[in-house]
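Q: Structure, please.
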Amino acid sequence: MAQDKRLVVDIEKQFGAFHLQIRLAVGTEICVLFGPSGAGKTQTLNAIAGLMTPDNGDITLDGAAFFRRRNAEATVNLPARQRHVGYVFQQYALFPHLTALENVAYALWRRRDARQRASELLERMHLEGLADRYPAELSGGQQQRVAIARALAAESKVLLLDEPFSALDRAIRERLHQDLLALQTEAQLVVLYVTHNLEDAFAIGAKLAIVYDGKVEQIAAPEQIIRHPANANVVKTLGIANLFEAQITGVTATGVQLDWQGIKLEAATSQGYEVGATVTAYIRPEELQVIAEIPHSEDTTYNYLSGTITRRQAGYQFHTLRVRLANAQEIEVAVPASQSLATLADDTIRLALAKTALRLLPPVI
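A: The predicted structure is shown next:
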């Protein structure tokens with residue numbers, strides 16, 4: 001089986017009014033499941049681990065079925081203990097009365113070399129000096145390392161992590177990300193990692209799967225998704241600002257002309273659109289450039305906007321401005337932190353937007 005399709009999930013499950021319908025394929029890599037609460041991310045992990053039974057579909061690893069329920073085929077549903085899937089929870093789920101070594105060895109109780117193997121796993125997670133400590137004597141980051149070691153104890157080929165580092169501070173999360181990346185490469189694991197933190201998703205994920213209302217809306221490299229989201233659901237899930245609807249007023253050889261409640265814009269796109277249609281568009285805040293004056297001559301490269309600054313917020317990499325445009329709509333503008341907010345003391349602001357940076361989204365099907 002191709003490397004990019006080691007773990008294949010194609011399942012459905014009805015939970016009252018909520019319909020889970022997940023289709024994704026993951027290789028030897030870290031794939032981040034990203035989406036709002038209640039989107040179906042944890043239920044997807046539970047189905048893979050064998051803690052939830054789908055109504056129908058398939059879950060396979062390297063071609064071998066964990067689960068299969070199709071009308072014309074015999075049902076397969078391996079018990080969780082036979083799937084050899086490691087699962088790491090947000091709250092660690094360690095036994096408080098067992099030491100770090102004993103917590104890891106507990107998953108190996110059938111093996112004669114359980115303690116030796118547990119020691120090796122703790123060493124791999126940089127915990128070799130803490131084997132005799134109880135969970136209450138460990139920091140949050142150390143407890144999560146123990147939880148990962150225990151998840152790997154059963155020679156797991158698949159590692160599932162559900163919001164594993166969300167309770168930890170940023171510096172500890174970054175160190176654990178590096179540990180996890182090294183571990184995944186060393187052990188050649190298929191990793192599914194659930195998070196609500198987009199920064200974490202970009203730091204850890206080779207792929208990003210956007211889960212919205214029980215479906216995978218898009219799965220691709222993080223940079224591909226942020227630059228080319230598949231639809232408005234992906235944009236909303238990522239929290240991308242400046243999403244709006246506009247009407248197509250003209251189609252030319254160089255692009256599409258739009259009317260956004262009285263503001264004329266043009267998007268450089270080769271896609272086929274019809275005059276009179278309503279489309280969803282968005283503008284990334286960092287692609288709006290602050291300029292001194294709007295040129296008087298015709299420009300085939302940029303759209304120009306002007307408005308009033310309603311809010312200023314300083315930031316580490318970017319300052320954020322809220323700007324009310326002539327059509328009474330507000331947009332977000334990201335200004336590099338190298339530019340002092342003092343230079344934007346005047347409430348009036350002029351902006352340039354490359355026509356190639358105004359993106360039109362395909363409709364949600």
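
Q: rest of the way, CA atoms for contacts and neighbours
A: OK.

Q: Low-confidence ranges, this protein, go.
A: 1-4, 270, 363-365 (pLDDT under 70).

Q: what's the next secondary structure element after the helix ranked longest in it?
A: Determined from DSSP state H, the single longest helix within the chain is helix 170-187. Going down the chain from helix 170-187, the next helix or strand is strand 190-195, by DSSP states H and E.

Q: what's that following strand packed up against?
A: Counting contacts by 3 or more Cα pairs under 8 Å, 6 or more residues apart in numbering; DSSP states H and E, strand 190-195 packs against strand 30-34, helix 41-49, strand 158-162.

Q: How many residues are close by Phe18?
A: 13 (other Cα atoms under 10 Å).

Q: hmm, back to that, which of the helices and strands packed on strand 190-195 is buried the deepest?
A: Ranked by average neighbour count under the criterion mean count of other Cα atoms under 10 Å, these are headed by strand 30-34 at a mean of 26.

Q: That strand - which strands sit beside it in the sheet, and in what orientation?
A: Next to strand 30-34 in the sheet, as set by DSSP bridges, lie strand 190-195 (parallel), strand 207-212 (parallel).

Q: contacts for it?
A: Residues from elsewhere that reach strand 30-34 (Cα atoms under 8 Å, 6 or more residues apart in numbering): 41, 181, 184, 190-196, 198, 201, 204-211.

Q: now the strands paired with strand 30-34 in CSV, with distance to Glu123?
A: Shown next, in CSV, are the strands paired with strand 30-34 (distance: least, Cα to Cα, whole Å):
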stretch, distance to Glu123
strand 190-195, 21
strand 207-212, 28
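
Q: Okay, Gln14 and Ala147: tell me how far apart.
A: Gln14 sits at a distance of 31 Å from Ala147 (criterion: Cα to Cα, to the nearest Å).

Q: The two: which is more packed in?
A: Of the pair Gln14 and Ala147, Ala147 is the one with more neighbours under other Cα under 10 Å, namely 27 against 13.

Q: can you give me the angle whichever helix or strand that one is part of makes with helix 170-187?
A: Using DSSP H and E, Ala147 maps to helix 140-152. Angle, helix 140-152 to helix 170-187, by axes from the mean of the first three to the mean of the last three Cα atoms, to 10 degrees: 20 degrees.

Q: which SS state does Ala136 fall under?
A: Here Ala136 is recorded as helix under DSSP: H, G, I helix; E, B strand; the rest coil.
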